[in-house]
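Novice: predicted model follows, preceded by the sequence.
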Amino acid sequence: MKKFTRASLKSIIRKHFDVLEIKVKSRFDGMTDMVEQQTNSWRKAEITELQINNTLGINGLWLVGGCGDLLTTTEHEGFFLVDVYNCCGSSLLRIPLKEVK
């Protein structure tokens, strides 16, 4: 299996944005100066204009760049999942398998 990189993530987002869903598992909170767990459910990915290089245009996704991002992929219950983890928090992206293959 090929290594899943930032370029792979960009490609997935560009090709499958219309069916892309996101779940924010944790995020950095400036008030407490730490990463805190979130209890969000799955929602359709929304476009954001803030920090395009770090969010890839997706609201709820944050990348730090360099080697600071851990990107892992799995298949579960008919979905292709991308787990994005870094010092700013973690998010899970999902796409129906029938769309990916």
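Specialist: Yep, it's here. Numbering: from 1, shown residues only.

Novice: by mean pLDDT, which helix or strand of the chain comes out lowest?
Specialist: helix 52-55 (a mean of 78; mean pLDDT, DSSP states H and E).

Novice: only the C-alpha atoms, please, for it, written as PDB.
Specialist: In PDB, the C-alpha atoms belonging to helix 52-55 read as follows (Å, rounded to 0.1, in the frame of the first residue of the first chain):
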ATOM      1  CA  ILE A  52      -6.400  27.600   2.900                       C
ATOM      2  CA  ASN A  53      -2.900  26.000   3.100                       C
ATOM      3  CA  ASN A  54      -3.500  24.700   6.600                       C
ATOM      4  CA  THR A  55      -7.200  23.600   6.200                       C
END
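
Novice: what does the helix or strand following that helix rub up against?
Specialist: Later in the chain than helix 52-55, the nearest helix or strand by DSSP states H and E is strand 70-76. Identification of contacts with strand 70-76 by C-beta atoms under 8 Å, 6 or more residues apart in numbering yields 4-6, 8-9, 80-86, 97. For glycine as for every other residue, the C-beta is placed from the backbone atoms N, C-alpha and C.

Novice: wait, which of those residues is closest to residue 31?
Specialist: residue 86 (19.7 Å; C-beta to C-beta).

Novice: give me the neighbour count for the closest one.
Specialist: Close neighbours of residue 86, defined as other C-beta atoms under 10 Å, add up to 19.

Novice: ok, it touching residue 66?
Specialist: No: the pair residue 86 / residue 66 is not scored as a contact, 9.8 Å apart, by C-beta atoms under 8 Å.

Novice: which residues do the two both contact?
Specialist: If you check residue 86 and residue 66 against C-beta under 8 Å, 6+ apart, no residue is contacted by both.

Novice: circling back to that earlier point, would you mind checking the contacts of strand 70-76 for buried ones?
Specialist: By neighbour count, with 16 or more other C-beta atoms under 10 Å, the contacts of strand 70-76 hold 9, 80-86 as buried.
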